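**Student:** quick one, fold the following:
(2 chains)
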Amino acid sequence: MNRRGFLKTSAIASLYPLLGACNEELRWQKSAYIKQKSSRVAVLAAASYGNGLREIIIRGIKLFGLEISGKRIVIKPNLVEFDPKGVINTHPAVVEAAIDSFKTLGAKEVLVAEGPGHRRDNEYLLTASGLYDVVKDHRVTYVDLNTDNVRLRDLKSSFTNLKQLYLPETLFNADLLVSMPKLKTHHWAGVTVSMKNMFGVVPGAIYGWPKNALHWAGIVGSIVDINSSLPIPRFAIVDGIVGMEGDGPLQGQQKNSGVLVLGDDLVAVDATAARLMTIEPQQVKYLNLSGEFLGNLERNKIEQIGEDPERYQQDFKVIERFSYLKKIIS
Amino acid sequence: MLDEAIKLLNQGQNPDGGWGAVPGKQSNTESTALGLLALRSLADSSENPAVRKAEHWLSSSQRSDGSWPYGAGATAASWSTALALIALSDSGVEGERLVRAGNWILAQEGSKPGILAKLILALSFQKKAVHLNDDLIGWSWTPSSFSWVEPTSYCLIALKKIKSRLSAKAVKERVDQAELMIYDRMCEGGGWNYGNTAVYGDPLWPYPDITALALIALQNHKERTENQVSLRVLSKTAAITDSGLALGWSSICLALYGHDNSELRKRLEEKFVKTKFLGETKAIALSILAAGDRSRLFRV
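**Tutor:** Predicted structure coming up:
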């Protein structure tokens, strides 16, 4: 591209966020456009759930220059169901390391919050998964987002007909929401990583279990609409030490990748996570839509500031209906 | 444990008379309905000002269409209407309120996939994801969504409790079909989870709290094989699920079916000592209702 072409493209690109206000085809509000010219993601090696996770996470957070001191941090793990033989949830050791890391970096308060999507028995899920001991030992508050006080929030995009959603008050009172999903394939969405994990912020007491109102509205559109409309900045720490392939998010098989994936652009984090599973991000519908305005998914727009992701790439199996996700484009 | 649970419940009541999910949260209909049932199950409850305050909160938050919102900031009509109705059905509240609530419940139906969606699915070569009879209608959590076991169970209990005040034909039609829906959603081998038996052929497992609720809703079919099988599943799953919610509902259910629940109640007490049920109003209220013969409040 010559200089004139570059300037022309740049000028058009700079107007892109404004198009939402004047083009009926676009389904997001101007204020929903948070995509940067490029994004950074850190894939960090973490071989096991043993010692050293705290240091890895602190190193990762520092790579992004996040200002943590004095902030109220909400950690949102993926705690959806419990199966003693399965690997459904974010491992408590990773959550523990994250709590410790944010405290070490000077957070004013760290909360752990989740609204389990399948099972509403919060006490059982917490104790069976081991997360209860973590929050108790670290004296952090656990908030059940399914039954929290709520506020009605206008959605900033319209990939569903929901228009508004009740969201937990805890989110509105925090400075940073840290999505901490498990690296998994998903039988409805293709993959479930940091953006699908946000289904857990939608209160079950209003929308039910298994958050069925979102399924009726459309899972793909719901993922995009929720992520476009959250009231506070986000960060992601993906537990990819042990993930799940096949019929996820509950009934798949264990698949080890030995990594944590961190980033402040959740689209770029999920795109990188998809590539780690040898899944083409552009084929994942929610990522494709989100890539228009919420973040970057193209490989050349994501600077990898940790390990080389290709070293940790694994071939995660997907169910038959998602076989097209394995057709690599980028 | 009982005295301490009652004390905790009383302490957690908000000044407006309702209860939040945990102390400090805004009042919601579910917690208030269960809190009220628990306090009303105690001796001399008619003299208890906390009972009158809770009844007042529930009465004053009923919407003009007869429904209740969930509360805690949410104002739309909700599934928790059935719980409010259960809680108020044996109280001195005006019968007209109960009738309005009952008729609202009768007017609500879980949605089912449209003809086009069914046609696409039938013509596709893809393996069917779930095997549910979606023609069977119960009740959903929110309007315009699918029927699920828990809201359907609450609605069945509520309708069965106040059926004499409503159109017998309308109640029978809805109850008969909703019961079929619940039986259709039974997990392989018995018991229930939120309402799905398998996905892509991989079976999903039953939860004790939902199994107990479904069995309470189906208590007038005690001799049916499905009930008997599911009672055994309830005992097995409750034996490995340590939580106030699971042990509370399971104890109430076993008592209603005339089974010994002493072991579950013992574990309920142990769990209370250990976690105080994380301060959850619902679980504390259920632990009170599980003691003595208080499960009678769920008899239909």
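**Student:** around chain A, pick out the residues from the stretch 51-200 of chain B.
**Tutor:** Applying CB under 8 Å from any CB of the partner chain, we find that the stretch 51-200 of chain B lies next to chain A at B:70, B:72-74, B:76, B:78-80, B:111, B:126-127, B:129, B:140-142, B:144-146, B:148, B:150-151, B:193-194, B:196, B:199-200. Quick note: C-beta positions are derived from backbone N, CA and C, even for glycine.
**Student:** so which of these sit within strands?
**Tutor:** The strands, defined by DSSP state E, take in B:70, B:74, B:76, B:78, B:199 from those.
**Student:** was I right about the first one contacting residue A:204?
**Tutor:** No - counting by CB atoms under 8 Å, residue B:70 sits too far from residue A:204 to count as a contact (10.3 Å).
**Student:** ok, back up a step: quick one: buried ones out of the ones in strands among the residues of the stretch 51-200 of chain B next to chain A?
**Tutor:** Among those, those buried by neighbour count (16 or more other CB atoms under 10 Å in any protein chain shown) are B:70, B:74, B:78, B:199.
**Student:** residue B:94: which of those residues is nearest?
**Tutor:** Nearest to residue B:94, judged by CB to CB, of these is residue B:78 at 21.4 Å.
**Student:** name the nearest residue to that closest one, ignoring sequence neighbours.
**Tutor:** In space, and not counting its chain neighbours, residue B:78 is closest to residue B:70: 4.3 Å by CB to CB, 6 or more residues apart in numbering or on different chains.
**Student:** need the contact list for that neighbour.
**Tutor:** By CB atoms under 8 Å, 6 or more residues apart in numbering or on different chains, the contact set of residue B:70 is A:205, A:206, B:28, B:29, B:30, B:76, B:78, B:79, B:80.
**Student:** count of residues packed around the fourth one?
**Tutor:** If you count neighbours by other CB atoms under 10 Å in any protein chain shown, residue B:29 ends up with 29.
**Student:** next: the first one.
**Tutor:** For residue A:205, the neighbour count with other CB under 10 Å is 28.
**Student:** same question, the second one
**Tutor:** Residues within reach of residue A:206, counting by other CB under 10 Å, total 29.
**Student:** tell me who's in contact with it.
**Tutor:** Taking CB under 8 Å, 6+ apart as the test, what residue A:206 contacts is A:150, A:166, B:70, B:74, B:76, B:78, B:141, B:142.
**Student:** going by distance to residue B:218, which of the residues you listed wins?
**Tutor:** When the contacts of residue A:206 are compared for distance to residue B:218 (CB to CB), residue B:141 comes out closest, at 19.8 Å.
**Student:** go ahead and confirm the closest one touches residue B:148.
**Tutor:** Yes - shown here, residue B:141 and residue B:148 form a contact pair, counting by CB under 8 Å, at 6.2 Å.
**Student:** who touches both of the two?
**Tutor:** Here residue B:141 and residue B:148 have A:208, A:209, A:212 as joint contacts, going by CB under 8 Å, 6+ apart.
**Student:** save these as CSV, and put in secondary structure, distance to residue A:227 and neighbour count too.
**Tutor:** Formatted as CSV, the shared contacts of residue B:141 and residue B:148 follow (DSSP: H, G, I helix; E, B strand; the rest coil; distance: CB to CB, whole Å; neighbours: other CB atoms under 10 Å in any protein chain shown):
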residue, secondary structure, distance to residue A:227, neighbour count
A:208, coil, 21, 28
A:209, coil, 21, 23
A:212, helix, 19, 23
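**Student:** between the residues you listed, which is closest to chain B?
**Tutor:** residue A:208 (2.4 Å; CB to the nearest CB).
**Student:** tell me the pLDDT at the residue nearest to the closest one when sequence neighbours are not counted?
**Tutor:** Residue nearest to residue A:208 in three dimensions, not counting chain neighbours: residue B:141, with 2.4 Å by CB to CB, 6+ apart. Per-residue confidence (pLDDT) for residue B:141: 95.
**Student:** can you say which of the residues of the stretch 51-200 of chain B next to chain A are buried?
**Tutor:** Among those, the ones that count as buried by 16+ other CB under 10 Å are B:70, B:72-74, B:78-80, B:111, B:129, B:140-142, B:145-146, B:148, B:150-151, B:193-194, B:196, B:199-200.
**Student:** and the gap between the residue nearest to residue B:78 and residue A:210?
**Tutor:** To residue A:210, residue B:70 is 17 Å away according to CB to CB, to the nearest Å.
**Student:** ditto for residue A:325
**Tutor:** Computed with CB to CB, the distance linking residue A:325 and residue A:210 is 22 Å.
**Student:** show me the shaky parts of the chain.
**Tutor:** Using chain A. A:1-24, A:330 (pLDDT under 70).
**Student:** um, chain B though
**Tutor:** Along chain B, the model assigns pLDDT under 70 to residues B:115-128.
**Student:** which stretches of it form helices?
**Tutor:** Taking DSSP state H, the helices of chain B run over residues B:2-12, B:29-40, B:49-61, B:81-89, B:95-107, B:115-123, B:149-162, B:168-184, B:208-217, B:225-239, B:244-256, B:262-275, B:281-289.
**Student:** other SSEs contacting the fifth one?
**Tutor:** Helix B:95-107 is packed against helix B:81-89, helix B:149-162, helix B:168-184, with contacts defined by 3 or more CB pairs under 8 Å, 6 or more residues apart in numbering or on different chains; DSSP states H and E.
**Student:** what does the longest one contact?
**Tutor:** Okay, so that is helix B:168-184. With CB under 8 Å, 6+ apart as the criterion, helix B:168-184 contacts B:106, B:110, B:132-133, B:136-139, B:147, B:149, B:152-153, B:155-156, B:159-160, B:163, B:192, B:214, B:217-218, B:221, B:226.
**Student:** buried set for that helix?
**Tutor:** Neighbour-count burial for helix B:168-184, counted by 16+ other CB under 10 Å, picks out B:171, B:174, B:175, B:177, B:178, B:179, B:181, B:182, B:183, B:184.
**Student:** any idea how far the residue nearest to the spatial centre of chain A is from residue B:230?
**Tutor:** Nearest residue to the geometric centre of chain A (CA atoms, centre = their mean): residue A:194, 1.2 Å. Going from residue A:194 to residue B:230 by CB to CB gives 38 Å.
**Student:** what does residue B:155 give?
**Tutor:** With CB to CB as the criterion, residue B:155 and residue B:230 are 19 Å apart.
**Student:** coming back round to it: can you say which of the contacts of helix B:168-184 are buried?
**Tutor:** Buried among those (16+ other CB under 10 Å): B:106, B:110, B:132, B:136-139, B:147, B:149, B:152-153, B:155-156, B:159-160, B:163, B:192, B:214, B:217-218, B:226.
**Student:** and the residue of chain B closest to chain A?
**Tutor:** At 2.4 Å from chain A, residue B:141 is the closest residue in chain B, using CB to the nearest CB.
**Student:** now for that residue: which residues touch it?
**Tutor:** Residue B:141 touches A:204, A:206, A:207, A:208, A:209, A:212, A:213, B:78, B:79, B:148, B:150, B:151, counting by CB under 8 Å, 6+ apart.
**Student:** redo that, cut-off 7 Å
**Tutor:** Counting by CB atoms under 7 Å, 6 or more residues apart in numbering or on different chains, residue B:141 makes contact with A:207, A:208, A:212, B:79, B:148, B:151.
**Student:** pretty sure the last one sits against residue B:145.
**Tutor:** In other words, residue B:151. No - between residue B:151 and residue B:145 there is no contact under CB atoms under 7 Å: 9.9 Å.
**Student:** before we move on, back to that, give me phi/psi at the residue of chain B closest to chain A?
**Tutor:** Phi and psi for residue B:141, reported as degrees, to the nearest 10, are phi -70, psi -40.
**Student:** ok, now how distant is it from residue A:241?
**Tutor:** Residue B:141 is 34 Å from residue A:241, by CB to CB.
**Student:** what's the closest non-adjacent residue to the residue positioned nearest the centre of chain B?
**Tutor:** For chain B, the residue sitting closest to the mean C-alpha position, by CA atoms, centre = their mean, is residue B:154 at 4.1 Å. Closest residue to residue B:154 apart from its sequence neighbours, by CB to CB, 6+ apart: residue B:82 at 3.7 Å.
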